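Enquirer: Quick one: sequence and predicted model below, then my questions.
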Amino acid sequence: MVTSDIYKKEYDVIVVGGGATGAGTARDCALRGLSVLLVERNDYSTGATGRNHGLMHSGARYAVTDGESASECISENMILRRIARHCVEETDGLFITLPEDDLQYQQTFIEACQRAGIRADRIDPAEARRIEPAVNPDLIGAVRVPDASIDPFRLTVANLLDARLHGAETLNYHEVEGVMINQGRVEGLKLLNKHNGEHVEVRGRVVVNAAGIWGQRIAQMAGVGISMFPARGALLIFGHRVNNMVINRCRKPANADILVPDDTVCVIGTTSDRIPIETVDDMRVTREEVDVLLKEGVKIAPSLATTRIIRAYAGVRPLVASDDDPSGRSISRGIVCLDHAKRDGLEGFITITGGKMMTYRLMGEIATNAVCAKLGNTAPCVTASQPLPGSEGDGADERDAATRRYSFGQRAAIGRHGSLAARIEKDNDIDNALVCECEGVTVGEIKYAVRQLHVHNLVNLRRRTRVGMGTCQGKLCSCRAASLLGELNHDVKGAQEDLAAFLDERWKGMRPVAWGDTLREAQLTASIYEGLCGLDQAVSLEGKEDMQ
Amino acid sequence: MRMDTVIMGGGLSGLTCGIALAKRGQRVAIVASGQSTLLFNGGSMELLGNIDGQAVTVPLEAIATLPQDHPYSKIGASRIGQLAQEAQSLLADAGIEMDGNADRNHWRITPMGVAKPAWLTLNDHVRIDDLSQLPAKRVALMCIRGYFDQPNAMLAQGLRGLGFEVEMKEFTTDDITALRRSPSEMRATSLAKHLVSNSALQRVADQLNSLAGDVDMVLMPSVLGQNDTTDIHNLQALVKKPLYLVATLPPAVAGMRMQAQLRHYFRMLGGTYLMGDSAVSGTIDGERVTSISTAKLTDMPLRADHYVLATGSFVSRGLVADYERVYEPVLGVDVNADADRERWTRFGVLEPQAYCRYGVATDDQLRCLKQGKVIENLHAIGSVLSGHDAVKMGDGTGVSLLTALAVAHSIKGDK
């Protein structure tokens, strides 16, 4: 459907927010036969969804402090292994006790896991060193739990794809500017189309506010108050995978106590700091955050001290004060679903927030239940059993991918897109050519992403295909990819601006850790793009930030 | 091993200095890791391209206005013109045929079609002397099918912006198609390796001739001539229209060729080039370096009267930044760099970055300092020097060539 038709239509439900929660809600609504529009102010998964560990919690981390969250996690963990197989890597996790930790806590931890239904096996430190050689060899205790690694970008896109396959429509780069209310009922949204600066309106019978930390602003526009407590967490990505299992500290949750293997890299995090709501858009990582992450990370896996750090990033958790405690002292990490008709007397408006990336599906189900109750829809929720696009079938293709039948690029693509990799173009002799050698992204995969996965620019492309996410951080592949995008979109000037914006976005994450090889890489990139190519003369970066 | 001079680093500055000294009868050894930033060279040398974002027209005039800590100022602005001529003839002696002069910059064409000020450009690369008088009106831009290290559409748009009428044509030959069977083989260096035989070049020429049409000039990516310019000249002779090359993204065949030509020339002059090795440490006795050790010659330190540090910037590991500080890793000589990590860089990838100006501290004769004291027989040349910014000022290759020659003179005691 062309965009201008979307503006004219009335939908059953409009979902605000293109993170995992919004995408999961849109998919659930679409599967239950509702007409759905999802709007997102930037690219999909730009908020907290794209700025976390990529950890598929077993729930063990919350077992001692928050049994309810722990139970939710393990139940969703088992569901995602089935429905989102191509986004999950079943690594398992360790909770390790170091000499400075209290070994007594381990027993408390195991009992709490058992109460929450999480398998937790105490293993010998020697066994832990054997199954995970990266672990701090000084550990005095270890517990094995069903943690895993998950790709949140891929997960979000798979949900959006399925939503669209079931009739949903999606608008990214459309920012909410106002909520249209008539006689106590929400009727639609005023949006800014950031592609062309146009102000437009969209109409729906119910609006679901799934905008994460930005949901407070959306609620304000609707005249209702929600007290959110932005908790910022910073993380570091290392240049290769030092560990093959998730490694956690077996103690009360604290700074930098989880190391997760993600694809070709690993991630240490997080810090946790309350920040003022006004600063949630400033995601630059500070020197202090880097220092604490490194200091603590090395305790989990000593080899991190000598492993190159490729970037630093931060995200904001949307924690919400429970309604009976406006002071904010009892803040929950649990899921909060507010029907503003009951709470504030405003019909047609639902907020779904709190929770975790991990529980996005359950949040989608809860929000959709609330929508259906309003619209008199009685269709049951099927998202816990129906696989996402890419994870259908028995996985034979993916297993085949491990054999020599496929090239590096094809194997990488199957890893990223699961059964959808079959749709990647191979219609001519150059579609197999590698654009990004670190991550094995081919010309065909880029064409597929541009045509099927809403890719307008290089940052979008990175989130869909991992172009430029590897150790070189897009040194050469970003130019190759920009050039291809320019040709596919018939916009060469745009491609150059896009390339500069992409390099700037990469630099934001590199700068806080710019020493050692990361600084070398930065100088090399500057030598190529400014010195050799003169990209700085060809474009200006001013005013480009909004489109990321 | 006893030498007159040992040079640490075998890139543009190290080789230039080595050649200048070997020519004058010195026994010279160069310790070279094998990597060089010539790998990113666009087929040109730049004396001084920009000051505060403005293109420089007359480099010799602009050099006179540079601050005191710039390597050119240390050499002495008045000597630059003469050293520049000397550099140009040294390059020509090595077989590197470049045009240009230090009195007036010309324009090189970058892989993205941007015109950047340059001092010398390879004869076979496209260049513009005067932006108001282009060397051709209609050009055919020949794009190699499946080769992605030339952003063709950006290049074409840039050329059109400069006033050329550009026709883009895609071509391939059996030799090139065969390369594409491996998805990662379509790099400039593999093309250069395979486009060498007369028949392979004839097949390229046939394509160019049949596609070119009625144009004044044919342009193709600089993917020819691994070791010398024979293949380029052969192809130019086979193509009916004037054929010029355009720089590509790395690896840059032309830069690697220049490196090979300089190395060959240095060896012809009797120089010792220790390839694949690097200086790891040295001993300093009072005010003099007495020996340096390399990674491979562990039990045989190199001894010489003079030592030259030509190890490059961060990219080449001539400078190292760790979590806490910036240092020079071989001899631990003094560096000019901010102590506070926060000041090394700033957000905004295209902003000037302070680290690009970091380097070793020297006196006016480019001699290194350690704890503030001059080391009499240790000079620094090229990108390891502080006070210049190859990225923002376009002075990297010029500083490498000219500081190398100035130090060679100083070692020989010339005035």
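Expert: Perfect, I can see it now.

Enquirer: all contacts plus neighbour counts: C-alpha atoms, from now on.
Expert: Fine.

Enquirer: now for the helix or strand hosting A:Leu294, which elements pack on it?
Expert: Using DSSP states H and E, A:Leu294 sits in helix A:287-300. If you count contacts as 3 or more C-alpha pairs under 8 Å, 6 or more residues apart in numbering or on different chains; DSSP states H and E, helix A:287-300 packs onto strand A:228-238, strand A:246-249, strand A:258-262, strand A:265-269.

Enquirer: Show me what that helix is in contact with.
Expert: A:135-136, A:234-236, A:247-249, A:255-259, A:268-271, A:304-305, A:312, A:512-513, B:342 (C-alpha atoms under 8 Å, 6 or more residues apart in numbering or on different chains).

Enquirer: With stretch A:78-94 instead?
Expert: A:56, A:128, A:142-152, A:154-155, A:244-248, A:384-388, A:390-392, A:415-418.

Enquirer: Inside strands: which ones of those residues?
Expert: Counting by DSSP state E, those place A:Met56, A:Ala142, A:Val143, A:Arg144, A:Val145, A:Ala148, A:Ser149, A:Ile150, A:Val246, A:Ile247, A:Asn248 in strands.

Enquirer: With distance to chain B added, can I get the residues you listed in JSON lines?
Expert: Formatted as JSON lines, the ones in strands among the contacts of stretch A:78-94 follow (distance: C-alpha to the nearest C-alpha, whole Å):
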{"residue": "A:Met56", "distance to chain B": "31"}
{"residue": "A:Ala142", "distance to chain B": "31"}
{"residue": "A:Val143", "distance to chain B": "33"}
{"residue": "A:Arg144", "distance to chain B": "34"}
{"residue": "A:Val145", "distance to chain B": "34"}
{"residue": "A:Ala148", "distance to chain B": "31"}
{"residue": "A:Ser149", "distance to chain B": "29"}
{"residue": "A:Ile150", "distance to chain B": "28"}
{"residue": "A:Val246", "distance to chain B": "26"}
{"residue": "A:Ile247", "distance to chain B": "24"}
{"residue": "A:Asn248", "distance to chain B": "25"}
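
Enquirer: can you pull out the strands in the stretch 251-400 of chain A?
Expert: Assigned by DSSP state E, counting those that start in this stretch, the stretch 251-400 of chain A shows strands spanning A:258-262, A:265-269, A:273-274, A:309-321, A:331-332, A:335-339, A:349-354.

Enquirer: looking at those strands, which is closest to chain B?
Expert: In terms of C-alpha to the nearest C-alpha, the element of the strands of the stretch 251-400 of chain A nearest to chain B is strand A:309-321, at 10.9 Å.

Enquirer: So what are the sheet partners of that closest one and their directions?
Expert: With DSSP bridges as the test, strand A:309-321 is paired with strand A:228-238 (antiparallel), strand A:331-332 (antiparallel).

Enquirer: could the ones you listed be laid out in a markdown table, adding distance to B:Ala22, mean neighbour count and mean pLDDT?
Expert: Below are these laid out as a markdown table (distance: least, C-alpha to C-alpha, whole Å; neighbours: other C-alpha atoms under 10 Å in any protein chain shown; pLDDT from 0 to 100):
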| stretch | distance to B:Ala22 | mean neighbour count | mean pLDDT |
| --- | --- | --- | --- |
| strand A:228-238 | 46 | 24 | 93 |
| strand A:331-332 | 75 | 17 | 62 |
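
Enquirer: contacting residues for residue 364?
Expert: Since no chain was named, I'll use chain A. Residues in contact with A:Gly364 (C-alpha under 8 Å, 6+ apart) are A:Thr21, A:Gly22, A:Gly24, A:Thr25, A:Ala26, A:Asp28.

Enquirer: try again with chain B
Expert: So B:Asp364 contacts B:Lys74, B:Ile75 (C-alpha under 8 Å, 6+ apart).

Enquirer: What's the per-residue pLDDT of it here?
Expert: B:Asp364 is assigned a predicted lDDT (pLDDT) of 95.

Enquirer: count of neighbours near the closest residue in space to B:Asp103 that isn't next to it in sequence?
Expert: Leaving aside its sequence neighbours, B:Asp103 sits nearest to B:Val58 (C-alpha to C-alpha, 6 or more residues apart in numbering or on different chains; 5.7 Å). Neighbourhood size, B:Val58 [other C-alpha atoms under 10 Å in any protein chain shown]: 17.

Enquirer: what sits against B:Val58?
Expert: B:Ala102, B:Asp103, B:Arg104, B:Asn105.

Enquirer: Okay, it and B:Glu86: tell me how far apart.
Expert: Plainly put, B:Val58 is 18 Å away from B:Glu86 if you go by C-alpha to C-alpha, to the nearest Å.

Enquirer: what does B:Tyr307 give?
Expert: 22 Å.

Enquirer: Specify which residue of those two has the higher count of neighbours.
Expert: B:Tyr307 (28 against 16).

Enquirer: quick one: that one is in a helix?
Expert: No - assessed with DSSP: H, G, I helix; E, B strand; the rest coil, B:Tyr307 is strand; it does not lie in a helix.

Enquirer: quick one, strands of the stretch 51-200 of chain B?
Expert: Going by DSSP E, counting those that start in this stretch, the stretch 51-200 of chain B shows strands at B:54-55, B:98-99, B:106-109, B:115-118, B:120-122, B:127-128, B:138-144, B:165-171.

Enquirer: that older thread, any of the contacts of helix A:287-300 buried? List them.
Expert: Buried by 16 or more other C-alpha atoms under 10 Å in any protein chain shown: A:135-136, A:234-236, A:247-249, A:255-259, A:268-271, A:304, A:312, A:512-513, out of the contacts of helix A:287-300.

Enquirer: Quick one: name the residues of the stretch 1-150 of chain B near chain A.
Expert: Within the stretch 1-150 of chain B, the positions lying close to chain A (C-alpha under 8 Å from any C-alpha of the partner chain) are B:40-42, B:110-116, B:146, B:148-150.

Enquirer: hmm, 6 Å instead?
Expert: By C-alpha under 6 Å from any C-alpha of the partner chain, the residues of the stretch 1-150 of chain B that approach chain A are B:Gly42, B:Thr110, B:Pro111, B:Met112, B:Val114, B:Gly146, B:Phe148.

Enquirer: Need the max-distance pair from those residues.
Expert: The largest separation in these, counting by C-alpha to C-alpha, is between B:Val114 and B:Gly146 at 22.8 Å.

Enquirer: how about stretch A:488-496: buried residues?
Expert: A:Val492, A:Lys493, A:Gly494, A:Ala495, A:Gln496.

Enquirer: Can you give the domain ranges for the chain?
Expert: With no chain named, the answer covers chain A. A:3-48+A:153-227+A:328-375, A:88-149+A:229-317, A:396-547 (automatic domain parsing).

Enquirer: meant chain B, my bad for not saying
Expert: B:2-99+B:256-411, B:126-246.
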